[in-house]
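Participant: here is my input, please return the structure:
(4 chains)
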There are 2 protein chains.
Amino acid sequence: MRDPGASTTDRPAAPRRPDDATARELVLRAADRLFYDRGVQAVGMDELRAASGLPLKRIYRLFPSKEAIVEEVLRHRHELWEAGISNAVATTPDPRERLLAVYDFLARWFDDEGFRGCFFINSFGELSGTAPRVTEFVRAHKAGFQKTVARLVAEAGGPPELAPQLAILAEGAQTTAAIAGTSEAAGQARAAAETLIDAALGPTRDRAV
Amino acid sequence: MRDPGASTTDRPAAPRRPDDATARELVLRAADRLFYDRGVQAVGMDELRAASGLPLKRIYRLFPSKEAIVEEVLRHRHELWEAGISNAVATTPDPRERLLAVYDFLARWFDDEGFRGCFFINSFGELSGTAPRVTEFVRAHKAGFQKTVARLVAEAGGPPELAPQLAILAEGAQTTAAIAGTSEAAGQARAAAETLIDAALGPTRDRAV
DNA sequence: TTGCGCTGAGAACGGTCGTTCTCTATCGTA
DNA sequence: TACGATAGAGAACGACCGTTCTCAGCGCAA
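Facilitator: As a prediction, the model looks like this:
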C-alpha cells in the first residue's frame, strides 16, 4: 500500500499516464512500425490506438489528423536516415572510402530483420497520387540525399557528374533489395560505385590487383 | 432512319454493346490509366465503371474481383515492358550499344507526359504489405528484368557481375526520375553504365577522347 | 403476341475508414 | 466533502469501399 499522503510526482512503477511528449513518441513509434510494415492506408487509427496504448481522443489531441502523423513519421525517418549516413561517413577518414561507406550503411540496413524497402519510396508509390504534401516531402528527402552525395564527391575531388550516378546506384539498390527480398544489391551497388569512383578519380593509390 | 428489317450485325456507328473481349480491354485500359495515375487504392470500382463506360455488373462478370483487375493490369504492363525493351534492343546491332539501349528506352519513357514512375515499384510500395500476389508478381517482373540484362551482358561478352550493376542503375533511374519529376536520371544512369561497361569489357574499339 | 433470359442502371449491403461525441470516472483544489 | 475541469473508453457518425441484388426493359425464339 502506498502512503496516501506521498507526493504525486514520483510513484514507483505502475502504468503512469505519459506526458504529452512521451505520448507523442508512443504514437510515432507505433505509427512508424505499422506504416512501414504494412503501408499507411492499410493501418487504421484504431490499430494505431491499440499499438500505442493511448486513447483515440488523446491521439487526436496530439495530432490534428492521420496525415499529420504520417508526415511526422516521415520527418523522423528523415532524421534517422541523415544521422545514419553522417555517422557511417564520420567514422571513415578517407574521402574515397567515405563514398563507399554509404553502401556499407545500406548493406547493414538491408540485413535488418523486417527491412521492407525505403519508406520514402514506398510512401511515394502509395500516396503520391493523393497526398501532395507527402510527395513533396519525399522529393525533398531524396534531393537532400543527392546533395549529401554531391558534397561527399566534391570532398573526394570527384567531378560533379559522379554524384548523381552514385545516388542512382543507392536508390536502385534500395528498390532492388526490397523487391527481391535479399540484401545482395548493396554489395553489387558498392562494387559498381567503386568502378565509377576509380574511373572518375583516376587510378587509385593503394589497390592491389 | 434505319431499315428495320436490316441485318442486326452491321449497324453503322452508334454506341454498340462491346463484345466480351473488347469490354475486357475497355476495363483494363481504364484501370491501367487510373491505377497508374492515382494508385490502386485511391480508385474505386465506381470510378472504374464510369471510366470504362461499362456497367458494374458487366465488369464483375468479366473479372472476379478488383484484385484480379490489378493483376491483369500488372500482366499487361509486364508485356508492354518486355516488348519495349526487346524492341529497343532489337534495333541495335552492336552488343555493347544494346546494353545502353535500355537506358535510351528509359529516357523516352521518362519524357512521356504523365510518367509517374514504375508501376511495379509503386504497386510494391502500396500493396506489398497487404497483397502477397501482387508482391510476388512484382518480384517476378523484376527478376525477369535482371535475367534480360544478364543475357544482354553475356551476349556482349561481359562478366556476370556486370549485369546486376546495370540493372540496379536502371531501377535507380526509375525511382529517381519518378520522385524528382525530371527525366535526367536516364542520361545519368546511361553515363554510369557506359563507364561500368568500359571497365568490364576493356578499352573500347571505337571511342574518341 | 407471349414468354423467357439476359441486360443495364443504380440502389442496397455489410464492412471499414477517419473523426467526433457521449458518458462516466477521476483528479486537483478549496 | 464538494466541485469544476478533464480524462478515458468506446459508441456513433457520415462517408466510402468492394460486391451483390433488385427491377424494369429489351431482344429473340416460337
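Participant: drop to CA atoms for contacts and neighbour counts, all remaining ones
Facilitator: Fine.
Participant: what about the residue in chain A that DNA strand C sits nearest to, how many neighbours?
Facilitator: Here chain A gets closest to DNA strand C at one residue, A:G44, 3.0 Å apart by C-alpha to the nearest atom of the strand. A:G44 has 12 neighbouring residues, counting by other C-alpha atoms under 10 Å in any protein chain shown.
Participant: next one: A:D19
Facilitator: A:D19, neighbours per other C-alpha under 10 Å, totals 8.
Participant: now the strand or helix carrying A:L169 - C-alpha only, PDB.
Facilitator: Here A:L169 sits within helix A:162-180, counting by DSSP states H and E. The C-alpha coordinates for helix A:162-180 follow below in PDB (Å, rounded to 0.1, in the frame of the first residue of the first chain):
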ATOM      1  CA  LEU A 162      29.800  11.300 -60.400                       C
ATOM      2  CA  ALA A 163      27.400  12.300 -57.700                       C
ATOM      3  CA  PRO A 164      24.000  11.600 -59.400                       C
ATOM      4  CA  GLN A 165      25.400   8.300 -60.700                       C
ATOM      5  CA  LEU A 166      26.300   7.200 -57.200                       C
ATOM      6  CA  ALA A 167      23.000   8.400 -55.800                       C
ATOM      7  CA  ILE A 168      21.200   6.400 -58.500                       C
ATOM      8  CA  LEU A 169      23.100   3.300 -57.500                       C
ATOM      9  CA  ALA A 170      21.900   3.800 -53.900                       C
ATOM     10  CA  GLU A 171      18.300   4.200 -55.000                       C
ATOM     11  CA  GLY A 172      18.400   1.200 -57.200                       C
ATOM     12  CA  ALA A 173      20.000  -0.900 -54.500                       C
ATOM     13  CA  GLN A 174      17.100   0.100 -52.200                       C
ATOM     14  CA  THR A 175      14.300  -0.900 -54.500                       C
ATOM     15  CA  THR A 176      16.100  -4.000 -55.700                       C
ATOM     16  CA  ALA A 177      16.800  -5.200 -52.200                       C
ATOM     17  CA  ALA A 178      13.300  -4.500 -51.100                       C
ATOM     18  CA  ILE A 179      11.600  -6.200 -54.100                       C
ATOM     19  CA  ALA A 180      13.900  -9.200 -54.300                       C
END
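Participant: distance of A:V43 relative to B:R29?
Facilitator: A:V43 sits 30 Å away from B:R29, going by C-alpha to C-alpha, to the nearest Å.
Participant: typo on my end, A:A107
Facilitator: 40 Å.
Participant: which one's more surrounded, the two?
Facilitator: Each of A:A107 and B:R29 has its neighbours counted (other C-alpha under 10 Å); A:A107 has more, 21 against 16.
Participant: now do the helices in chain A.
Facilitator: With DSSP state H as the criterion, chain A has helices at A:20-38, A:45-52, A:56-62, A:66-90, A:95-111, A:119-127, A:132-155, A:162-180, A:184-201.
Participant: list the helices and strands the third one packs on?
Facilitator: Which is helix A:56-62. Judged by 3 or more C-alpha pairs under 8 Å, 6 or more residues apart in numbering or on different chains; DSSP states H and E, helix A:56-62 is in contact with helix A:20-38, helix A:45-52.
Participant: could you check the longest one against chain B for contacts?
Facilitator: Same thing as helix A:20-38. Yes: Helix A:20-38 reaches chain B (C-alpha under 8 Å from any C-alpha of the partner chain) through A:37-38.
Participant: now do that helix against helix A:119-127, angle only.
Facilitator: 70 degrees (axes from the mean of the first three to the mean of the last three C-alpha atoms, to 10 degrees).
Participant: okay, buried residues for helix A:20-38 please.
Facilitator: Within helix A:20-38, the residues scored as buried using 16 or more other C-alpha atoms under 10 Å in any protein chain shown are A:23-24, A:26-32, A:34-38.
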